[in-house]
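Q: Okay, here's the prediction I keep looking at, along with the sequence it came from:
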Amino acid sequence: MAEADGSVRDSAPDNESLVRRVGPPVSLFLVLAVLGLVVNGSRLGLDLAGGRLLPVGSLGELWTTYLSGWHQIGGGTASAAPASLAVLGALGAIFTPIGGPHALVAVLLIGDAPLAGLSAYAATRKLPASRWSRVAAAAGYALLPAATASVAQGRLDVVVVHIVLPLVISGIAGLLARTGAGWLPASSACAVGVAVLGAFSPLAQGLALLGLVVGFVVLPPGKSLLRRIASVVVVVVLPLVLLLPWPTVLVNQPSLVLHGLSGPAPAPPAADLVGLDPAGAGAWPIGVAVVVAAIFAVAIRPRALMSPGLGVLVLGACGLAVVLLVPVSPLQGGADSAGFTGVPLLVISAGLLWIVLTALAKGPPVAVLRKLAAAGAVLVILALATGAVLAGRGGPVRSGGGDRLASVQADELARTGRSVLAIGFGDVLTRQTGGRLPRFGDEQIAVTASTPSRLATWESALRQPSSGATRAALEGATASGALFVVLPPGEGPGPIVTLAPDLAVAVQPTKEGRTVLRLLAPSGQVVLVPPGIAKQAVTSSSPSSSEGVTPVDAALPDVRVRVSDGIAGRLLVLSAELEAGWQATVDGKPQPIVPAWGHQVAVSLPAASSEVSIEHPSTLRDVLLLVQVAAALFAAMTAIPIPARPR
């Protein structure tokens, strides 16, 4: 009997301490992981695409696009690729056994809630609050409507901000509060976090740096002013260097700052903003529960420690005002529009939850208030979880890797280097991409000023066929190097093929059943144009004939060919958009660049046989990439603190 009683007494404490042994963060992660699987049950897979998320390329494609100085996007441009490709390429290498970068993106989207929850829990480790209070705040942050909406809509930039933001806020707060002997590792680690924010959301990076500078000015200097100044300089300057040459594009393209990588969105109603909902698929304005909790926290237990959370709240409100009140033209063209409010709403939500957690720090002094706080936390989390489960299951993101061309067409594109013109539909824009269908990162490459209007003209002519306009669109697309035209879902080839049987023919459709047209006129990355058509090329916006046009065996952007004797007035035309930086020589002598069809690069050729060289130097970009590599090495060596050697 004594042994039985003893065994019961021994097992009961073991059962009661099971949760303690597992630990609050593990419990938080497991619960949020299960909830994430439930919410994303319809999109489970390692190759997600849809909505604002284009299919993600392979590891080699990402690095090739990022390192290239010229991109066959929108007819060809030398604009720098987004730094997000480098981040996905570096981290995606870890996921090579299960698919590489597209598997990483799937993990980020499906695992957004548990990853953001752990991030928020770790960020609050130095706050004077109990572990379970931190778990409650982290769970609330993980289930915010702005996050569930971003996952459902395929807004990868906002998802990354959701995961990284708490750690960046914690790092900046730590640098402002205390700058001890380990200031350099802390500053470098914080700078890396800010750089990741900037790679996906320049707006989030700007808000983080603004908060850092304002905090440095407002807070008292303390005893280590020089270290604080050095920390601020590192966190401000190092991310900009780590992102080179991407910041040079942001200076000239404000839409990338305000619209982010995933583009604009309709302005949400005021009721949705109060509920911390950016509107669209994937969320309800259930975030009003967080707003109410913060108001009660301030009313019942106002404390001076709430000022940092209030500062983050004000910072997010400023970002929200800028996004909504400063409409800009989208990068790929169109009317001025506001940006997606997901990032500023996440910052606002982080400030509100910081206020609530500060009110719970060290526990309310009255037992009734402690019970009320616990009940309120449970209700808020249940409300957010209910909204996530019921609304987050919708949205256009699905597994399957997006649309693909037939293998024979993909092989021909790879062999010829020509492009695909994918006609837009709904919120999907018309895109022209070289060698493949559009991929993630293409929409963030700045095209020339004339490209959006030209693509819109082609789209209108092909969606509403008419004899003259449709033929002009097909001839213009062929001249710009396009080999295939992919029509919107549900549209057949009949009207276009009937109007221009000599210019296009229907071929095997895409994986999702979209009609594909093959352009028949001779073309290529580089073509030799006879004098008659050459005269038309420099005076007209689109060709009316391709007679005598000869494709040249050369690849962009650096072209070196030898042309034979011929008639004076010939043109060597490239399927590349005319922009600053192109250089040409004929027999070693500089030759001026002339526009062909109003937007393409061309060089006039002499009658005699000659050596022709056309290139777009990328020396400056190469130097910036070397500086970026040096900054990455510096960050890697300084972000990890080195323990002091014992005496």
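A: Noted; the coordinates are in hand. Numbers count the residues shown, from 1 in each chain.

Q: Only the buried residues of the longest helix seen in the chain, if you could.
A: Using DSSP state H to assign secondary structure, the helix with the most residues in the chain is helix 367-391. Neighbour counts over helix 367-391 (16 or more other Cβ atoms under 10 Å) mark 373, 376-377, 380-381, 383-385, 387-388, 391 as buried. The way it works is simple: take the backbone N, C-alpha and C, and place the C-beta from them, glycine included.

Q: okay, the residues you listed in CSV with distance to Pro24 and pLDDT next?
A: Below are these laid out as CSV (distance: Cβ to Cβ, whole Å; pLDDT from 0 to 100):
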residue, distance to Pro24, pLDDT
Ala373, 17, 74
Gly376, 19, 81
Ala377, 13, 82
Val380, 17, 89
Ile381, 14, 90
Ala383, 21, 90
Leu384, 18, 91
Ala385, 17, 91
Gly387, 23, 90
Ala388, 20, 90
Ala391, 27, 89
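
Q: Show me which of those is closest to Leu483.
A: Distance to Leu483, by Cβ to Cβ, is smallest for Ala391 among these, at 42.0 Å.

Q: Give me the nearest residue to that closest one, chain neighbours excluded.
A: Residue nearest to Ala391 in three dimensions, not counting chain neighbours: Trp284, with 4.8 Å by Cβ to Cβ, 6 or more residues apart in numbering.

Q: Provide a list of residues in contact with that neighbour.
A: Trp284 sits next to 145, 275, 277, 387, 390-391 when contact means Cβ atoms under 8 Å, 6 or more residues apart in numbering.

Q: distance of it from Val380?
A: Distance, Trp284 to Val380, using Cβ to Cβ, to the nearest Å: 14 Å.

Q: again with Thr64
A: Distance of Thr64 to Val380, given as Cβ to Cβ: 46 Å.

Q: and what of Arg518?
A: 57 Å.

Q: Could I get the full set of strands for the stretch 51-200 of the chain?
A: Using DSSP state E, counting those that start in this stretch, no strands are assigned anywhere in the stretch 51-200 of the chain.

Q: hmm, back to that, which of the buried residues of helix 367-391 sit farthest apart?
A: Pairwise across these, and taking Cβ to Cβ, the largest span is found between Ala373 and Ala391, at 26.9 Å.

Q: tell me the mean pLDDT for stretch 92-107?
A: Mean pLDDT, computed over stretch 92-107, is 91.

Q: Actually, stretch 210-218.
A: What stretch 210-218 shows for mean pLDDT is 90.

Q: Next, the buried residues of that stretch.
A: Counting neighbours by 16+ other Cβ under 10 Å, stretch 210-218 gives 211-212, 215-216 as buried.

Q: could you say what helices and strands the longest helix of the chain packs with?
A: Using 3 or more Cβ pairs under 8 Å, 6 or more residues apart in numbering; DSSP states H and E as the contact test, the elements touching helix 367-391 are helix 24-39, helix 131-142, helix 145-153, helix 288-300.

Q: In CSV, list those helices along with distance to Glu443, mean pLDDT and mean neighbour count.
A: As requested, the helices and strands packed on helix 367-391 are exported to CSV (distance: least, Cβ to Cβ, whole Å; pLDDT from 0 to 100; neighbours: other Cβ atoms under 10 Å):
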stretch, distance to Glu443, mean pLDDT, mean neighbour count
helix 24-39, 26, 89, 18
helix 131-142, 28, 90, 24
helix 145-153, 14, 94, 30
helix 288-300, 32, 89, 18
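
Q: To Leu175, which of these lies closest?
A: Evaluated over the helices and strands packed on helix 367-391, closeness to Leu175 peaks at helix 131-142, with 20.9 Å, by Cβ to Cβ.

Q: That closest one vs helix 145-153, what angle?
A: On the basis of axes from the mean of the first three to the mean of the last three Cα atoms, to 10 degrees, helix 131-142 is oriented at 50 degrees to helix 145-153.

Q: what packs against helix 131-142?
A: When contacts are defined as 3+ Cβ pairs under 8 Å, 6+ apart, helix 131-142 sits against helix 24-39, helix 112-123, helix 342-359, helix 367-391.

Q: Starting from the next helix or strand along the chain from the last one, tell me which strands it pairs with and how they run.
A: Right, helix 367-391. Moving toward the C-terminus from helix 367-391, the next helix or strand (DSSP states H and E) is strand 398-399. In the sheet, strand 398-399 lines up against strand 48-49 (antiparallel) (DSSP bridges).
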